[in-house]
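Colleague: Following is a predicted model, sequence given first.
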There are 2 protein chains.
Amino acid sequence: MLQNPNLPSSKTSCFSCSLREFCLPAELEEDEINAINFLINRSCKTRRGGYLYRAGMDFQSLYIVRSGFFKTYVLDEDGREQVTGFHMPGEMLGLEAISTNVHTCHTVALEDSETCEIHFARLEEIGRIIPSLMHHFHKIMSGKIVHNHEIIALLGGMKARERLIALLLNLSDRFAKLGHSSSNFNLCMTRKEIGSYLGLKLETVSRAFSKLQKDGLIKINSKSVQLNNISWLKQRSGRYCQVIEGAEFL
Amino acid sequence: MLQNPNLPSSKTSCFSCSLREFCLPAELEEDEINAINFLINRSCKTRRGGYLYRAGMDFQSLYIVRSGFFKTYVLDEDGREQVTGFHMPGEMLGLEAISTNVHTCHTVALEDSETCEIHFARLEEIGRIIPSLMHHFHKIMSGKIVHNHEIIALLGGMKARERLIALLLNLSDRFAKLGHSSSNFNLCMTRKEIGSYLGLKLETVSRAFSKLQKDGLIKINSKSVQLNNISWLKQRSGRYCQVIEGAEFL
DNA sequence: CGTACGTTTGACTCTGTTCAATTGCCGTGG
DNA sequence: CCACGGCAATTGAACAGAGTCAAACGTACG
């Protein structure tokens, strides 16, 4: 489901990578890209259920998802897992670890996945030579913060049904950006993982899905979802299902 | 309450600033600090209730709180405010705006405050010359992400009482780092703002405070709080008030 | 083929919300 | 100086949404 026909092969240079727009600024010269190529280890494969890194491990590298799907989570004091994100191709992983030089979350592949490994110290070095690369990296980090704010707003203010719609629309957008269908896709996480991410119990997630289906807004069959009318969902995602003038959210 | 006796005056150099450890890496030469001084505008004063910047404004500069207290918030589609953070001296503001070059949240002073303004483009330039400065900046951004994860975990998994305790302990730690009392301090935000931040209604916040006081864990009188036994609170912050072996959280 | 896991659904409980009334505090103006 | 209005905080009672517990079903995998 997540296999992009243009999937970059392990031998491909960043220059011809289909995800290049996510990782690199637009205006690079070819020799600059060659320099960047040099710092990337493209050979990182993680099988479904495998860990890319674990909380507590020393931090050395950032990762960019090339194919597949990851979740990140932290364990709270009771040892229960709190999902902090789902990650699709083009997204960067490991940024939280820069502050302490130790990874603070676990990152596990929800399907067979590939990543590019970027040695962080070398990224900082090359960033000095290629300012636009450094700036692009700052934008990526900042974007993470913005995204986190959106999740905080979601957890702070939305009801179960709205949270679910927000998640579905968010995934829809991200699939669309990768060239997949925005209205039909597979959820490769469990109800429990969705619930953990959205601050809900798995039963609540299940019930909310059923309700949305009964209302004709989505069609869902275990992992596969179909969004029946995305723009309508966007309008109706608002609290209490009032019609709200087209503000996109999350 | 927040006035630090060592408050940096508007004329002070970063070199002798009491907040230096928050903003700058440890191992700088004096001439490097002079270069950094050059990029900082120290004259930013914001009166209580005034805005440092607003969502939608063009992004040019980051800010570091020098004295006072800020809150940041976003407005959701209904125009209701969702508080995304409270900010004390030494903390950096504006990082969310790097990704789009536009501020995405409103930042308002909850008491008379001073900030250092840092022109971001110039920070990137000087960062190329002083790598440890650039690296320190990366750590600060990364730290924001970690902190956001903690809030997400709080909103996703904790009950009202635990959220409140977590907030109090978090403020306590931050006051302590600034050289203030960790057990007695003033909340300069309203119950409503606390509620918005913690994903609760103001009545729930008020009730939870009352309950904590009745249980002898805190003493609270409108804005002023006293934590009776911090380490005990830390242990008892856990879910359902079970005793949990000393894991710090948030 | 059987076990384990994920999902769905129902009935009941409980936490937090909503609505409303009351108190306390502070600044303004008579 | 006190009276008044406005805002924040507290508290109560009724209600709703999500959590908990439990049962039953489907599906994936060894």
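Modeller: Happy to help now that I have it.

Colleague: Wasn't residue A:127 part of a helix?
Modeller: Yes - for residue A:127, which was evaluated using DSSP: H, G, I helix; E, B strand; the rest coil, the result is membership in a helix.

Colleague: That one: neighbouring residues, count only.
Modeller: Using other Cβ atoms under 10 Å in any protein chain shown, residue A:127 has 23 other residues around it. (C-beta placed from N, C-alpha, C; glycine too.)

Colleague: swap in the one 3 residues further on?
Modeller: The burial metric for residue A:130, expressed as a neighbour count using other Cβ under 10 Å, is 18.

Colleague: Report pLDDT for it.
Modeller: pLDDT for residue A:130: 96.

Colleague: Please look at it and residue A:35 and confirm they touch.
Modeller: Yes - using Cβ atoms under 8 Å as the test, residue A:130 is close enough to residue A:35 to be in contact (7.0 Å).

Colleague: What is the helix or strand of chain A with the lowest mean pLDDT packed up against?
Modeller: None of the helices or strands of chain A scores lower by mean pLDDT, DSSP states H and E than helix A:230-236, at a mean of 80. Where contact means 3 or more Cβ pairs under 8 Å, 6 or more residues apart in numbering or on different chains; DSSP states H and E, helix A:230-236 is packed against helix A:160-177.

Colleague: hang on, the earlier thing: then the least confident helix or strand of chain A to CSV, C-alphas only?
Modeller: The C-alpha coordinates for helix A:230-236 follow below in CSV (Å, rounded to 0.1, in the frame of the first residue of the first chain):
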residue,chain,number,x,y,z
ILE,A,230,-13.1,14.7,2.2
SER,A,231,-14.0,18.3,1.9
TRP,A,232,-17.2,17.6,3.6
LEU,A,233,-15.3,15.8,6.4
LYS,A,234,-13.0,18.8,6.7
GLN,A,235,-16.0,21.1,7.2
ARG,A,236,-17.7,18.6,9.5
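
Colleague: Just confirm yes or no for stretch A:139-158 near chain B.
Modeller: Yes - for stretch A:139-158, a contact with chain B is found by Cβ under 8 Å from any Cβ of the partner chain, at A:139-146, A:148-149, A:151-153, A:155-157.

Colleague: quick one, phi/psi of the residue in chain A sticking out farthest from the centre?
Modeller: Distance from the centre of chain A peaks at residue A:31, with 29.8 Å (Cα atoms, centre = their mean). Dihedral pair for residue A:31: phi -70, psi -30, per degrees, to the nearest 10.

Colleague: what's the spacing between it and residue A:132?
Modeller: Here residue A:31 is placed at a distance of 14 Å from residue A:132 (Cβ to Cβ, to the nearest Å).

Colleague: Of the residues of stretch A:139-158 next to chain B - the most surrounded one?
Modeller: Neighbour max across these (other Cβ under 10 Å) = residue A:151, 25 neighbours.

Colleague: quick one: residue A:96 from residue A:124, how far?
Modeller: From residue A:96 to residue A:124 the distance is 17 Å (Cβ to Cβ).

Colleague: Neighbour count: these two, which is higher?
Modeller: Neighbours per residue (other Cβ under 10 Å) separate residue A:96 from residue A:124, with residue A:96 holding more: 25 against 17.

Colleague: did I read that right, that one in a strand?
Modeller: No - looking at residue A:96 with three-state DSSP, it is helix, so not inside a strand.

Colleague: hang on, isn't it packed against residue B:148?
Modeller: No - in this structure residue A:96 lies outside contact range of residue B:148 using Cβ under 8 Å: 9.0 Å.

Colleague: Quick check: bridge partners of residue A:51?
Modeller: When bridges are called by DSSP bridges, residue A:51 pairs up with residue A:108.

Colleague: Now for it, how many residues are close by?
Modeller: By other Cβ under 10 Å, the residues close to residue A:51 number 14.

Colleague: That one and residue A:103 touch, don't they?
Modeller: No - taking Cβ under 8 Å as the definition, residue A:51 is not a contact partner of residue A:103, at 10.2 Å.

Colleague: Where do the domain boundaries of chain A fall?
Modeller: Listed domain ranges for chain A are A:14-154, A:159-241 (source: automatic domain parsing).

Colleague: Tell me the gap between the shortest one and the middle of its chain.
Modeller: The reference is to domain A:159-241. Mean C-alpha position of domain A:159-241 versus that of the full chain (Cα atoms, centre = their mean, to the nearest Å) differs by 15 Å.

Colleague: Next up, the contacts around the most centrally placed residue in chain A.
Modeller: Closest residue to the average C-alpha location of chain A: residue A:87 at 2.6 Å, with Cα atoms, centre = their mean. Taking Cβ atoms under 8 Å, 6 or more residues apart in numbering or on different chains, we find residue A:87 in contact with A:65, A:69, A:70, A:71, A:72, A:93, A:107.
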